[in-house]
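Enquirer: sharing a sequence plus its predicted fold:
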Amino acid sequence: MNAPVILTARLMRRNRVDLAFAIVAPLVGIIGLVFLLQDVIVTDGMTYAQYVLPAVVVQAMFFGALTTTDRAAADNADGMSRRLQTLPISRLAPLTARMYYCVVRGLLAVVASTLGALLFGFRFTGGIGYAAAFFGLALALTLALSLGADAVGARAKRSEVAGQLLLIPQLLLVLLSTGLAPTESFPTALQPFVSSQPVSQITEALRDFTDGRVDAPNALASVGWCVLFLGLFGYAALREQRRTR
């Protein structure tokens, strides 16, 4: 068994509560949103569970990234990073383990969100290929966000403030998106931003996947955002990992 796998198992043992939260929070979130907003938001014939699921998934990916920030900062604060430097393992093993953990956490969150939506009649109408694309895009997003959050946590050093650095931006991006309501529901001045920002484009792509459709420009934009984030945030995370040595 290699070092990243061993370190990932350690993270999973130490973060059982976080893994449970990854399951419970999106499940409760989608149930609550559907109960509260299904008779308020007009979604052009689509059930609100079908409409809002992508937003719940994206929000869960953001929250997962916030916990990544705290883990990276805690490893520096408690000296774990320095202790690992004395072992004959790859310098990237700790970062790799944290990313393995994030993907597992993200998968649990997506499955829990989907199960919650199923209670309200949600279905993948396009078959297994579109369902795989839905899960693939969601996990690519969580990996990208987690890399960025890991870099912030490694730089911040203090776990109690690291996650707070990203909380407000991610909340604003989700609230000012088409995840919870169509573009037309927002003030006219905000509509250009709402329709073109990455959270809106990714949620729209996820929504199309659940309905067995692909809007090529939006799908390409969504994949492009994920690739861009993976490149930029991956570089930042690698740089911070090397800097700690």
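Expert: Yes, it's here.
Enquirer: pLDDT-wise, which helix or strand of this structure ranks last?
Expert: Taking mean pLDDT, DSSP states H and E as the measure, the chain has helix 159-162 as its least confident helix or strand, at a mean of 54.
Enquirer: next helix or strand past that one?
Expert: Following helix 159-162 in sequence order, the next helix or strand is helix 164-175 (DSSP states H and E).
Enquirer: what about the closest residue to Ala140 other than its chain neighbours, how many neighbours?
Expert: With sequence-adjacent residues excluded and distances taken as Cβ to Cβ, 6 or more residues apart in numbering, Ala140 is closest to Cys226, at 4.6 Å. Any C-beta I mention is one placed from the backbone N, CA and C, and that applies to glycine too. Around Cys226 there are 23 other residues, counting by other Cβ atoms under 10 Å.
Enquirer: where's Cys226, which helix or strand?
Expert: Taking DSSP H and E as the definition, Cys226 sits inside helix 216-243.
Enquirer: check Pro54 too.
Expert: Applying DSSP H and E as the criterion places Pro54 in helix 48-77.
Enquirer: give the other helices and strands that that helix contacts.
Expert: Applying 3 or more Cβ pairs under 8 Å, 6 or more residues apart in numbering; DSSP states H and E, one finds that helix 48-77 makes contact with helix 16-37, helix 93-118, helix 128-156, helix 159-162, helix 164-175, helix 198-210.
Enquirer: deepest in the core, which of those helices is it.
Expert: With neighbours defined as mean count of other Cβ atoms under 10 Å, those peak in mean count at helix 198-210, which reaches a mean of 24.
Enquirer: measure the closest residue to Arg239 other than its chain neighbours to Met99 for me?
Expert: Once flanking residues are discounted, Arg239 sits nearest to Ala151: 7.4 Å by Cβ to Cβ, 6+ apart. The gap separating Ala151 from Met99 is 12 Å, by Cβ to Cβ, to the nearest Å.
Enquirer: cool, and Ser177?
Expert: In terms of Cβ to Cβ, Ser177 sits 25 Å off from Met99.
Enquirer: do the same with Gln201
Expert: Distance from Gln201 to Met99, by Cβ to Cβ: 24 Å.
Enquirer: now do the most centrally placed residue in the chain against Ala154, distance only.
Expert: Centroid check for the chain by Cα atoms, centre = their mean gives Met61 as the closest residue, at 1.7 Å. Counting by Cβ to Cβ, the gap from Met61 to Ala154 is 20 Å.
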